[in-house]
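Visitor: Build me a structure from this.
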Amino acid sequence: MLESGCKAVKEGVLEKRSDGLLQLWKKKRCILTEEGLLLIPPKHPPPQQQQQQQQPAEPAAKIKELHFSNMKTVDCVERKGKYVYFTVVMAEGKEIDFRCAQEQGWNAAITLQMVQYKNRQAILAVRSTRQKQQHLAAP
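Guide: Residues are numbered from 1 along each chain as shown. Now for the predicted structure:
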């Protein structure tokens, strides 16, 4: 996502619940862009620094991209103690649980960017349909 020239809208740390049996909370460095959310292991260099290095510290596969085109909703918001808990639901039905300090507002920022992305896609689809109709209508 950052390689395609998307600028970072928000950066910081989120905790993601692991998929394993123990379901531990693991800190992830996160970069929210206009296209989606990047999840980076804490010790991994940022994507820009990694491109400048000859040898990456870890394989790029460790960086997870949650693209808005594959995201369905951000929901299940719950406030407990100092944390906000929320779930990102992907199009294929996979649910990814996150938590962050209440004042960080990650859930709202992700939701806002996802809605803006979906709106942009809808506008592009309408424009494309209109252009096709005009092209077919032209003699």
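
Visitor: State which helix of the chain is the longest.
Guide: With DSSP state H applied, the helix covering the greatest number of residues in the chain is identified as helix 106-137.

Visitor: Show me what Asp75 is bridged to.
Guide: Thr87 (DSSP bridges).

Visitor: Spit out the contact partners of it.
Guide: Phe86, Thr87, Val89 (Cβ atoms under 8 Å, 6 or more residues apart in numbering). Where C-beta positions appear, they are placed from N, C-alpha and C, glycine not excepted.

Visitor: now swap in Tyr85 and tell me
Guide: With contact set as Cβ under 8 Å, 6+ apart, Tyr85 has these partners: Cys76, Val77, Glu78, Arg79, Asp97, Phe98, Arg99.

Visitor: for Gln121, same thing?
Guide: For Gln121, the contacting residues are Ser69, taking Cβ under 8 Å, 6+ apart as the criterion.

Visitor: quick one: pLDDT of it?
Guide: Here the pLDDT value assigned to Gln121 is 95.

Visitor: can you count the residues close to Asp97?
Guide: Close neighbours of Asp97, defined as other Cβ atoms under 10 Å, add up to 16.

Visitor: now it, which residues is it bridged with?
Guide: Asp97 forms beta bridges with Thr87, as assigned by DSSP bridges.

Visitor: center of the chain - which residue?
Guide: The structure's the chain has its C-alpha centroid closest to Leu37; by Cα atoms, centre = their mean the separation is 2.0 Å.

Visitor: In what element of secondary structure is it found?
Guide: Element membership of Leu37, judged by DSSP states H and E, is strand 36-40.

Visitor: helices or strands next to that strand in the packing?
Guide: The helices and strands touching strand 36-40, judged by 3 or more Cβ pairs under 8 Å, 6 or more residues apart in numbering; DSSP states H and E, are strand 25-33, strand 64-67.

Visitor: Out of the ones you listed, which one sits most buried?
Guide: Mean neighbour count, computed with mean count of other Cβ atoms under 10 Å, is highest for strand 25-33 among the helices and strands packed on strand 36-40, reaching a mean of 19.
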